[in-house]
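K.L.:
Dropping the sequence and predicted coords here.
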Amino acid sequence: MTAQVRMMSIDQPAPGAPALVQLVAEAEIGSAPPDDDIPLYAPRREIYPQSVHGWFRNIKWAVLVVTLAIYYLLPFVRWDRGPNAPSQAVLIDFPSRRFYFFFIEIWPQEVYYLTGLLIIAAIVLFLMNAIAGRVWCGYLCPQTVWTDLFFAIERLVEGDRREHMLRDVRKWTVATYARKGIKHFLWLMVAWWTGGAWVLYFADAPTLVKELATGEAPFVAYVWIGILTFTTYSLAGQMREQVCLYMCPWPRIQAALTDEHALNVTYRYDRGEPRCSAKKAEQLRSHGQPAGDCVDCLQCVHVCPTGVDIRGGANLGCIQCGLCIDACDAIMRKLGRATGLIAYDTDLNIKQRIEGKPAFYKFVRTRTALYAAIIAVVGGIMLYTLATRDSEGITVIHDRNPMYVRLTDGALRNGYTIRIVNKQLKSRDFIVSIAGLPSTLVDFVGLPPRADGRQLVTVGPDQTREVRVVVTDYSSTPPPPSTSILFRLIDIDTGETAEMRDHFFGP
Amino acid sequence: MAEEHKEIDAMSGTPTTGHEWDGLRELNTPLPRWWLWLFYITIIWSIGYWIVYPAWPLLTNSTQGVFGYHTRSAVADDLEALKQQRGPMVEKLASASLSSIVADPQLLDFARAQGRVAFADNCAPCHGSGGGGAKGYPNLNDDDWLYGGKLEDILRTIKFGVRATDPNSRTGSMPAFGRDGILKPDQISLVADYVRSLSGLPAEPGADLAAGKKIFADNCVVCHGPEGKGNREVGAPNLTDKIWLYGSDKQTIMEGLRIGRGNIMPAWGGRLSESTIKALTVYVHTFGGGEK
């Protein structure tokens, strides 16, 4: 029964075309379930979005082209880092445990940059939402972009809304099957290409493409292409708006984060009700009765990728892509009425207009200012740490057993394992000095001393090196049970230093 | 059977099993079909499993399965693969001289990594996980070596052991002067006072160091030397330094004099490979106390 009611509200029979409407309704919702079988879940309503032209459609095309071009082509962009590092601009190098992004190279221990990026991403999402609602959902979300691409392919092969629907409900011919086959084949090709681009971020792209083509690529590459092919095909081809309606948490969070000043795709009911044909509206108005600008053409519903009727007000299914605005504006122009019956607006402004007050837009609010401030602070901290981060590092681990060693002459000795990090792409020479004890002898095990008696630690490009160090204390007075000492790593060419504190233990 | 099961529960409309306990009837709610199908599939799967993997126990063995899989041979394969992977470095380690291992940074790192594992497996029970030693078991980190701390000395000690059954083993032990009646209890006390004074430890009030020195000269200098500096040929410790294997208090020294000392280190030559012994040698030498 609910299905019947929904059908009535969406596709009300227009005079003169009852048969077609019935066909369309059947295509969209299927036949009603028998009374004695109460389904646990509402059946999915097939959506046949109609093509549309306009300002927001153009924005969506542009975003689609740019984002997909970045995704598919970025792995092929080269970035020269010299002979000791890969020359791929963006590379997640798991075997070497490095992440390369143009001039930035991230080591695993610097994964907190990812934390910073995630914080910024979340707050940017909140800020977009506070300004203009679900901008992310409508234009930028991968689910939206790929679904949009899949819709475009579907319209190309199976025709626009009406043609596609009619073909679906009529007896299927060989041509129908052929069209469906071609559509699924094209979808799978896009999905496969999506998976193929994914793995290119994890290895040298041109080499991997060659290996994939000749069947010499690692097995795991084929597995991941398979996984991404499956997810892309099923999410963008089969599940579509259901991902937004049932799977995605953002619509729920978004609803809790929004306020009355955030712009939303809104049906401006202040432009009058009831909705009726232009002729009837004229009649009503001539009798001094109210009539709306909406002619109930349902174009806004037909172009909607999630099957929403925006005239019912803001709702969870609306991803706010603005396609209904384009559709409505086209109709309004043909009718010679003002455009913007559906537009980015707020409920508050509609009420203002009904009361005869001017509309107002308030973009600078406590929450938008706060979000912008958080983005600036986190971004600033990240930029600062990235610009000033050390190109070298030292960590020290004291021996666990024995904690200290007594030598034959009574001196005390402690053993340490130090690890020296060289983040530069060239080999570097370091010395390590130890401060905090009055009279010490430091020996780096296995490193021959130079002429001046100092021992140099050479660390290869973009590498770490572990060295054992024994520190002997010759002070005449016995040291306390624990003395804080400082290991200082010094690059002998540049004088750059890095420090690490540890302890020297005694009895 | 079929007749019994036709009874329908009036409240829920579900068939019952026909069982009744004090007026309570058991509803017969069938399993979901998907569950049943999964159950049947697992049965079919298990039959396939019997065929390809070892499954059924027999009198002396079990069915072998057509894949020829065996957990023991799988481990053997893994070990063989590991051996292949490490092969070149292990060969290099086995053929290189000890001094050239220490001079080559790459080989040194490899030897220390191998040595760390071998030490934990074989040596740590007595010498401690980091070679810190214990009472009667030498600390390998310090610069005091009973039989020498050069690479070659350490290798020989590990390979042939100390007072072990191997003919090349290190020899020499502290005699039981008291138990065997060579020294009387008061003589033992006198010489113990003298031995403590050798390394600068404070003597007991009224200790007769001259008498102790006389006893020391008559009995101990054969191994420990006239100045008590020890003798590495027989593993006699240097008595003038600050390191005491069993302890520096008078009671412990007297105990050594009474019952003797002679702990055993096994010969590892037959048990560990040549390259492992070399790795252990380098590892112990780089604890910090190794002699050049």
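P.N.:
Right, received. Where do you want to start?
K.L.:
What count of nearby residues applies to B:Ala217?
P.N.:
For B:Ala217, the count of nearby residues is 12 (other C-beta atoms under 10 Å in any protein chain shown). From N, CA and C alone the C-beta is placed, and that goes for glycine too.
K.L.:
Residue most distant from the centroid, chain A?
P.N.:
A:Asp409 (65.0 Å; C-alpha atoms, centre = their mean).
K.L.:
Can you report phi and psi for it?
P.N.:
phi -90, psi 10 (degrees, to the nearest 10).
K.L.:
Just the pLDDT at it, thanks.
P.N.:
Looking at A:Asp409, its pLDDT reads 86.
K.L.:
Likewise for the one 10 residues further on?
P.N.:
Note on A:Arg419: pLDDT of 95.
K.L.:
what about it, which SS state?
P.N.:
Following DSSP: H, G, I helix; E, B strand; the rest coil, A:Arg419 is assigned to strand.
K.L.:
Which residue ranges of chain B form strands?
P.N.:
Taking DSSP state E to define them, one finds strands in chain B at B:16-21, B:24-27.
K.L.:
And chain A, by the same measure?
P.N.:
Shown for chain A, the strands assigned by DSSP E span residues A:90-93, A:98-101, A:104-106, A:264-267, A:342-345, A:392-398, A:405-406, A:412-422, A:428-435, A:440-444, A:457-459, A:463-473, A:482-491, A:497-505.
K.L.:
Looking at these, which one is packed in the most?
P.N.:
Ranked by mean neighbour count, the strands of chain A are led by strand A:405-406 with a mean of 24 (mean count of other C-beta atoms under 10 Å in any protein chain shown).
K.L.:
That strand near chain B anywhere?
P.N.:
Yes - using C-beta under 8 Å from any C-beta of the partner chain, strand A:405-406 reaches chain B at A:Val405, A:Arg406.
K.L.:
Strand partners (parallel or antiparallel) of that strand?
P.N.:
As defined by DSSP bridges, the strand partners of strand A:405-406 come to strand A:412-422 (antiparallel).
K.L.:
Output the partner strand as PDB, nothing but the C-alphas.
P.N.:
Presented in PDB, the C-alpha positions along strand A:412-422 are these (Å, rounded to 0.1, in the frame of the first residue of the first chain):
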ATOM      1  CA  LEU A 412      81.600   1.800  35.100                       C
ATOM      2  CA  ARG A 413      80.400   1.100  31.600                       C
ATOM      3  CA  ASN A 414      76.900   1.200  30.000                       C
ATOM      4  CA  GLY A 415      75.900  -0.200  26.600                       C
ATOM      5  CA  TYR A 416      73.400   1.400  24.200                       C
ATOM      6  CA  THR A 417      72.000   0.700  20.800                       C
ATOM      7  CA  ILE A 418      71.500   3.800  18.800                       C
ATOM      8  CA  ARG A 419      69.600   4.200  15.600                       C
ATOM      9  CA  ILE A 420      70.500   7.100  13.300                       C
ATOM     10  CA  VAL A 421      68.100   8.300  10.700                       C
ATOM     11  CA  ASN A 422      69.100  10.000   7.500                       C
END
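K.L.:
Just give me how far that strand sits from the chain centre.
P.N.:
42 Å (C-alpha atoms, centre = their mean, to the nearest Å).
K.L.:
Just want the angle from it to strand A:463-473.
P.N.:
Here strand A:412-422 runs at an angle of 160 degrees relative to strand A:463-473 (axes from the mean of the first three to the mean of the last three C-alpha atoms, to 10 degrees).
K.L.:
you'd agree A:Pro251 is up against A:Leu316?
P.N.:
Yes - counting by C-beta atoms under 8 Å, A:Leu316 is a contact partner of A:Pro251 at 5.1 Å.
K.L.:
Looking at the strands of chain B, which is nearest to A:Gly393?
P.N.:
Counting by C-beta to C-beta, A:Gly393 lies closest to strand B:24-27 out of those; the figure is 68.6 Å.
K.L.:
So if I had to pick from A:Pro251 and A:Leu316, which one is more boxed in?
P.N.:
For the pair A:Pro251 and A:Leu316, the greater number of neighbours falls to A:Pro251 (17 against 13), based on other C-beta under 10 Å.
K.L.:
who touches both of A:Pro251 and A:Leu316?
P.N.:
Here A:Pro251 and A:Leu316 share the contacting residues A:Leu245, scored by C-beta atoms under 8 Å, 6 or more residues apart in numbering or on different chains.
K.L.:
Which parts of the stretch 1-150 of chain B are helices?
P.N.:
For the stretch 1-150 of chain B, applying DSSP state H, counting those that start in this stretch gives helices covering B:33-52, B:71-95, B:98-103, B:105-122, B:124-127.
K.L.:
ok so, going back, could I get the strands of chain B in TSV, plus columns for distance to chain A?
P.N.:
Output for the strands of chain B, formatted as TSV (distance: least, C-beta to the nearest C-beta, whole Å):
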stretch	distance to chain A
strand B:16-21	22
strand B:24-27	20
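K.L.:
Dump the ones you listed to a markdown table, plus mean pLDDT and mean neighbour count.
P.N.:
What follows is the strands of chain B, written out as a markdown table (pLDDT from 0 to 100; neighbours: other C-beta atoms under 10 Å in any protein chain shown):
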| stretch | mean pLDDT | mean neighbour count |
| --- | --- | --- |
| strand B:16-21 | 84 | 12 |
| strand B:24-27 | 84 | 12 |
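K.L.:
Include distance to B:Thr171 when you put those into TSV, please.
P.N.:
Formatted as TSV, those follow (distance: least, C-beta to C-beta, whole Å):
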stretch	distance to B:Thr171
strand B:16-21	86
strand B:24-27	85
